[in-house]
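Enquirer: A structural model of the following input is requested.
(one chain, ligands or ions: 1)
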Amino acid sequence: MDFSDKRILVTGSSRGIGFGIATAFLDAGARVAINGRTPESVNAAMEKLGNNDHLLAAPGDIGTVAGCELTVKTAVDSFGGLDVLVNSAGVGAGRPIAECDEQMWDEHIDINLKGTFFTCRAAIPQLRKSRGNIVNIASDAGLMGVPGLTVYCGSKGGVVNMSKAMALEIAPHVRVNCVCPGYVDTDMIRQSIIKSADPAAAEQEMIDYAPLERISTPPEIAAAVQYLASDDARFITGTALAIDGGTTAGK
Ligand SMILES: NC(=O)c1ccc[n+]([C@@H]2O[C@H](COP(=O)([O-])OP(=O)(O)OC[C@H]3O[C@@H](n4cnc5c(N)ncnc54)[C@H](O)[C@@H]3O)[C@@H](O)[C@H]2O)c1
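Expert: Numbering: from 1, shown residues only. Below you'll find the model as predicted:
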């Protein structure tokens, strides 16, 4: 796909899925703003990406409104506008309901849901000017209930439905879509595998979770994001595209 000279901000692109998305857009000719919570994490990612003049550092804490606004402002001031916003910053932890405390609730809702909203809110005036679009990274856990992931499901279900409302409110000027991945091989799931009592069994469970019997990769998620962000998807808004190996088709 060709995104030559498109101006793109990817939150949570210092590693994982966001890093994969940033890599794909860079390879397609875009200018890409890299975000992570700290300048150090952003600088390390930029180094891995080759530190070229298509890259911009836009660190900021997406768990706060000020951080969302700073991140968007950094990208817009330097790029002179914005064409695509991808919200990939997120956290995910599994716990039984009785062990979910206020801190866990606040962290999931602040980063996954509130952060996505306020980053969109800050970017929308620029996206209106460019007739741009937004792709939010939700989850298969935003499309169905998963026991042990109640708080995460709440945050990601919110992202899916909020994106639909946003798509309606800002049509026809700006398109808003979600991508809903199943398990993707990143630090997020590697940490949960490592912390489990039987890591090999935990990994196998994730492989078996999808009818297509494997864990996905960041480039596979990036390909879906690029499609939704591209002109080929010009008649698509308010959709939630599952990239989950078939999980939500029947679970
Ligand atoms: N990995 C999976 O299996 C999976 C599945 C479905 C959905 N997702 C979603 O995809 C997105 C990316 O997940 P991942 O697997 O790459 O996770 P990851 O932990 O590997 O990376 C998360 C990224 O978000 C950033 N981030 C976290 N909190 C932040 C904050 N407050 N401010 C700025 N940046 C912050 C981190 O710096 C990092 O770049 C998340 O929204 C996650 O919920 C992941």
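Enquirer: flag every residue of the stretch 101-250 of the chain that's near the ligand.
Expert: Residues of the stretch 101-250 of the chain lying close to the ligand (CB under 6 Å from any ligand atom) are 111, 137, 139, 181, 183-184, 186-189. Where you see a C-beta, it was placed from the backbone N, CA and C, and this is true even at glycine.
Enquirer: which of the residues you listed sit farthest apart?
Expert: Farthest-apart pair in these is Ile111 and Tyr183; separation 19.5 Å (CB to CB).
Enquirer: how distant is stretch 93-112 from the center of its chain?
Expert: Relative to its parent chain, stretch 93-112 has a centroid offset of 18 Å by CA atoms, centre = their mean, to the nearest Å.
Enquirer: what does stretch 195-215 give?
Expert: The mean C-alpha position of stretch 195-215 is separated from the chain mean by 22 Å, CA atoms, centre = their mean.
Enquirer: contacts for it, please.
Expert: 182-185, 189, 192-193, 216, 244-247, 249-250 (CB atoms under 8 Å, 6 or more residues apart in numbering).
Enquirer: show me where the stretch 51-200 of the chain has helices.
Expert: 65-79, 102-108, 115-130, 150-170, 187-195, 199-209 (DSSP state H, counting those that start in this stretch).
Enquirer: buried residues, the helix or strand following the last one. List them.
Expert: Past helix 199-209, heading to the C-terminal end, the next element that is a helix or strand (DSSP states H and E) is helix 218-229. Across helix 218-229, burial judged by 16 or more other CB atoms under 10 Å covers 218, 221-229.
Enquirer: show me what helix 218-229 is packed against.
Expert: Applying 3 or more CB pairs under 8 Å, 6 or more residues apart in numbering; DSSP states H and E, one finds that helix 218-229 contacts helix 16-27, strand 84-87, strand 133-137, strand 175-181, strand 240-243.
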